[in-house]
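Visitor: everything below, folded, please.
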Amino acid sequence: MKKVLPIVLLLISVNSFAQNDPQKMIDEFFNLYKSKGVDTSLDYLFGTNKWMDNSKDQIEGVKFKLNGTLKMLGEYYGYNLITKKSVGDHYWLYTFMVRYDRQPLRFSILFYKPNDQWRMMNFSYDDKLDDELEEAAKAYRLKQNLEY
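Guide: Numbers count the residues shown, from 1 in each chain. Down below sits the predicted model:
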């Protein structure tokens with residue numbers, strides 16, 4: 001028994017440390033999203049921030065709306081990173097395309113590290129990727145070749 005306790009404590013501390021990195025938190029979020037669904041994955045993500053305890057109604061609202069949206073999209077196929085932006089070493093925004101049979105969704109997850117622990121600051125989703133892609137392809141956004 002004495003040998004088991006240090007091993008268990010070591011595994012717990014390694015797991016806690018491993019989750020204190022935005023990429024590892026994202027990996028865990030999408031693993032839960034695929035295997036357990038929206039509610040469990042969002043509970044995990046919002047659970048990384050103690051300040052979210054006062055926002056239970058808003059969190060339940062996000063889960064309810066996202067579950068409703070997903071009923072219309074068909075099968076889930078995976079996700080791809082669109083972009084990762086930062087302000088220094090303590091504020092990171094990750095944006096993903098989440099692939100479904102009917103159309104993709106965009107998930108944006110904002111992380112903040114005020115001291116030594118990362119936490120999720122904001123989660124949002126939308127289905128406006130097509131609008132932005134079309135806007136980016138408009139002629140006035142294209143580089144003009146000024147050589148004649």
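Visitor: show me what contacts the spatially most central residue of the chain?
Guide: In the chain, the C-alpha nearest the mean C-alpha coordinate belongs to residue 109, at 4.2 Å (Cα atoms, centre = their mean). Remark: with contacts taken as Cβ atoms under 8 Å, 6 or more residues apart in numbering, residue 109 is in contact with 26, 29, 45, 93-96, 120, 122-123. Every residue, glycine included, has its C-beta placed from N, CA and C.
Visitor: quick check: of the residues you listed, which lies closest to residue 52?
Guide: residue 120 (7.9 Å; Cβ to Cβ).
Visitor: how about the helices of the protein, start to end?
Guide: Taking DSSP state H as the criterion, the chain contains helices spanning 4-18, 22-35, 38-46, 56-70, 129-136.
Visitor: ok, residues contacting the last one?
Guide: Counting by Cβ under 8 Å, 6+ apart, helix 129-136 makes contact with 97, 103-106, 141, all of which sit outside it.
Visitor: now, which of those residues lie within strands?
Guide: Within the contacts of helix 129-136, residues falling in strands by DSSP state E are 97, 105-106.
Visitor: quick one on the thing from earlier: just name the most buried of the helices of the chain.
Guide: helix 38-46 (a mean of 18; mean count of other Cβ atoms under 10 Å).
Visitor: hmm, back to that, for residue 135, see how far away the residue nearest to the centre of the chain is.
Guide: 23 Å (Cβ to Cβ, to the nearest Å).
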